[in-house]
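J.: let's see this in three dimensions:
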Amino acid sequence: MQGAAAGIEPTAGISEEEVGLAGHPLLLFDGVCNLCHGAVRFIIARDPHKLFRFASLQSDYGRQLVREHGLPDDVTTMILVEPDGRVSSRSTAALRIATKLGALWPLMGALLVVPRFLRDPVYEFIARNRYSWFGKKDSCPLPDPSLADRFLG
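T.: All right, here's what the predicted structure looks like:
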């Protein structure tokens with residue numbers, strides 16, 4: 001395992017030009033996971049400025065980013081690629097996403113002061129059990145046409 005899959009935040013940045021983000025954070029997620037799809041819908045509903053872009057880790061685009069930039073090739077984690085090239089995963093990614101949402105969600109960012117070694121085991125426990133608790137799809141479903149511009153790959 002490499003990068004965040006090994007519990008280490010990747011430090012190599014990814015430029016906006018390389019990813020085509022044009023100022024938008026990108027969330028790479030498990031495309032067959034029902035919980036992950038629920039999380040994406042949750043983010044979309046609380047993203048009033050339509051900031052986030054999304055791509056399945058199983059998509060050609062997602063696999064290419066993982067391969068070319070040494071990102072974790074582990075679908076048990078979400079990966080957040082920010083416009084400045086910063087990459088985060090697991091609980092750090094979830095909390096950094098919350099800081100960019102509407103309403104009171106940015107307050108969750110205060111939990112970033114809690115060390116990863118305390119936060120990530122909770123994330124990993126849920127990730128290990130997500131298919132049995134929430135189920136999974138046979139393939140990654142297509143996004144709603146009204147949201148297609150927010151999904152890459």
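J.: what ranges does this protein have for its helices?
T.: When secondary structure is read from DSSP state H, the chain shows helices at 16-19, 34-45, 60-69, 90-98, 116-134.
J.: need those in TSV (columns: mean pLDDT and mean neighbour count).
T.: Quick note: C-beta positions are derived from backbone N, CA and C, even for glycine. Formatted as TSV, the entries for the helices of the chain read as follows, by pLDDT from 0 to 100; neighbours: other Cβ atoms under 10 Å:
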stretch	mean pLDDT	mean neighbour count
helix 16-19	52	15
helix 34-45	91	17
helix 60-69	86	16
helix 90-98	95	22
helix 116-134	93	14
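J.: let's have these in a markdown table, adding distance to Pro25.
T.: Output for the helices of the chain, formatted as a markdown table (distance: least, Cβ to Cβ, whole Å):
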| stretch | distance to Pro25 |
| --- | --- |
| helix 16-19 | 10 |
| helix 34-45 | 10 |
| helix 60-69 | 13 |
| helix 90-98 | 8 |
| helix 116-134 | 18 |
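J.: quick check: chain neighbours aside, which residue is closest to Pro48?
T.: Here the nearest residue to Pro48 in space, its sequence neighbours aside, is Gly102; by Cβ to Cβ, 6 or more residues apart in numbering that works out to 4.8 Å.
J.: meant to ask about Ala98
T.: On the basis of Cβ to Cβ, 6+ apart, the spatially nearest residue to Ala98 that is not a chain neighbour turns out to be Met108, at 3.8 Å.
J.: I figured that neighbour hits Thr92, correct?
T.: No: with the criterion set as Cβ atoms under 8 Å, Met108 and Thr92 do not qualify as a contacting pair; they are 11.7 Å apart.
J.: what's the residue nearest to Ala98 in contact with, if anything?
T.: Met108 makes contact with Leu95, Ala98, Thr99, according to Cβ atoms under 8 Å, 6 or more residues apart in numbering.
J.: for the last one, which non-adjacent residue is closest in space?
T.: If the residues on either side of it in the chain are set aside, Thr99 comes closest to Gly109, at 3.8 Å by Cβ to Cβ, 6+ apart.
J.: count the residues that sit near the one you found.
T.: 15 (other Cβ atoms under 10 Å).
J.: that one and Ile97 touch, don't they?
T.: No: between Gly109 and Ile97 no contact is recorded; they are 9.6 Å apart, counting by Cβ under 8 Å.
J.: once you drop chain neighbours, what's closest to Val40?
T.: Taking Cβ to Cβ, 6+ apart, and ignoring the residues beside it in sequence, Val40 has Phe54 as its nearest neighbour in space, at 5.6 Å.
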